[in-house]
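Chemist: What shape does this take:
(one chain, ligands or ions: 1)
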Amino acid sequence: MYYFIVNPNSRSGRGRSIWNEIHQQLMLRGIDFQYCLTRYSGHAAEIASDACALGTESEPVYIIAVGGDGTIHEVLTGITDFDRVVFGYIPTGSGNDFCRSMRLPFDPMESLEYILKAEHISKMDVPYLLRNNKKSRFGISTGIGYDAGVCQEVLATPLKKIFNRLGLGKLIYLFIALKQLIFINPGKMTVTLDGENTFSYDHVYFTAVMNQKYEGGGFKFCPDAQPDDQLLDVILVEGIRKIKLLFCLPTAFFGKHVGIRGIHILTCSDIHVHSASALPIHIDGESGGIREDLTVSIEKSSLKIILPVV
Ligand SMILES: Nc1ncnc2c1ncn2[C@@H]1O[C@H](COP(=O)(O)OP(=O)(O)OP(=O)(O)O)[C@@H](O)[C@H]1O
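Modeler: Residues are numbered from 1 along each chain as shown. Next up, the predicted model:
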């Protein structure tokens with residue numbers, strides 16, 4: 001059975017009309033499904049948790065997240081048992097980094113087609129951020145510093161609505177990234193990989209921990225990241241002059257920033273980042289508050305996910 005968890009507010013409200021089209025198709029085709037529209041922040045996680053009870057190991061429930069990247073984070077966080085669930089995703093957001101990295105169609109109706117066929121089921125790692133002893137899972141990435149500051153401002157700005165209306169949702173990230181670069185003061189961060197290798201840097205802009213290649217609306221920060229290798233890929237940017245960073249940033253759209261002095265790409269199974277001052281944190285593009293520490297690991301079991309046939 002399919003269970004659709006829909007964020008009607010995604011892409012500044014466009015999610016609702018896309019869902020209406022999907023709903024109509026499901027009815028027309030006589031598909032066995034249930035659905036729930038999210039009403040508030042965190043609701044998708046609660047719905048996912050309840051939906052898990054509908055599945056068993058032999059007959060898993062197909063939980064389909066319909067929303068943006070932030071809805072993926074909430075749905076993954078709510079899943080209580082990976083053995084009872086097959087996950088699917090229909091994009092109705094603006095950032096689309098999950099689709100970009102997993103090579104999924106951006107078109108919601110095209111996504112519906114391969115999801116209803118469910119011919120190719122693969123496995124995906126599910127990393128999590130530990131906050132107050134609670135796990136917040138993510139599909140794409142989490143980060144501390146500049147990248148998270150950009151996410152937090154994108155979420156807050158009324159410009160996002162305008163850019164989304166013009167179909168330019170991705171550009172808002174670039175616009176705010178350039179603006180914040182002028183004011184940011186890079187600070188001291190210490191990074192510990194797998195509990196043993198510790199590195200300290202004095203002028204860090206940000207550290208992003210990635211399950212996928214892309215974040216921030218198309219920055220290919222970790223070009224070698226694989227979502228099924230039980231590893232986290234990390235990008236840490238430090239000690240670069242702002243003017244140089246300004247020129248490096250566009251190269252990251254194509255993954256050509258790798259090898260530039262001051263840009264470190266690391267891999268690990270778990271990571272702890274400590275910042276000398278409290279900084280913004282994001283998790284799949286949603287705000288994770290302002291904190292000094294970021295601790296990330298990967299769930300031992302992987303999640304089954306429906307992918308298009310290639
Ligand atoms: N009914 C609702 N009203 C307001 N906010 C909601 C509602 N349902 C979910 N949310 C919030 O929407 C956010 C997630 O948005 P989502 O990522 O799905 O769309 P988006 O921001 O348009 O896409 P993207 O992240 O790809 O840019 C979360 O903060 C979630 O708590």
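Chemist: could you check the distance from the closest residue to the ligand within the stretch 151-300 of the chain over to F254?
Modeler: Nearest residue of the stretch 151-300 of the chain to the ligand: G285, at 4.4 Å (CB to the nearest ligand atom). Where you see a C-beta, it was placed from the backbone N, CA and C, and this is true even at glycine. Here the criterion is CB to CB, to the nearest Å. By it, G285 lies 21 Å from F254.
Chemist: So between the two, which is more surrounded?
Modeler: G285 (31 against 11; other CB atoms under 10 Å).
Chemist: Surely the more buried one is in contact with C151?
Modeler: Yes: counting by CB atoms under 8 Å, G285 touches C151, with 5.1 Å between them.
Chemist: Spell out which residues are contacts of both of these two.
Modeler: G216 (CB atoms under 8 Å, 6 or more residues apart in numbering).
Chemist: all helices of the protein, in order?
Modeler: Assigned by DSSP state H, the chain shows helices spanning 14-28, 43-52, 69-78, 97-102, 108-117, 146-156, 159-165, 171-183, 242-251.
Chemist: Can you flag the weakest of those helices by average pLDDT?
Modeler: Mean pLDDT is lowest for helix 159-165 among these, at a mean of 78.
Chemist: same for it, what does it pack against?
Modeler: Contacts defined by 3 or more CB pairs under 8 Å, 6 or more residues apart in numbering; DSSP states H and E place helix 159-165 against helix 171-183.
Chemist: residue contacts, the closest residue to the ligand within the chain?
Modeler: Closest contact between the chain and the ligand, by CB to the nearest ligand atom, is at G68 (2.0 Å). By CB under 8 Å, 6+ apart, G68 lies in contact with N7, S10, R11, G15, P91, T92, G93, S94, G95, N96, G285.
Chemist: cool, I144 as well?
Modeler: So I144 contacts M189, F206, T207, V273, S275, L279, P280, I281, R291, L294 (CB under 8 Å, 6+ apart).
Chemist: Any figure for the gap between Q25 and L37?
Modeler: 17 Å.
Chemist: Between the two, which is the more surrounded one?
Modeler: L37 (17 against 14).
Chemist: Report pLDDT for the more buried one.
Modeler: You'll see L37 listed with a pLDDT of 98.
Chemist: Could you do G169 as well?
Modeler: For G169, the model assigns a pLDDT of 69.
Chemist: and the stretch 151-300 of the chain, which of its residues are near the ligand?
Modeler: G285, E286 (CB under 6 Å from any ligand atom).
Chemist: if we go to 8 Å?
Modeler: Listed as neighbours of the ligand in the stretch 151-300 of the chain under the rule CB under 8 Å from any ligand atom: V154, L155, K160, N164, G169, G217, D284, G285, E286, S287.
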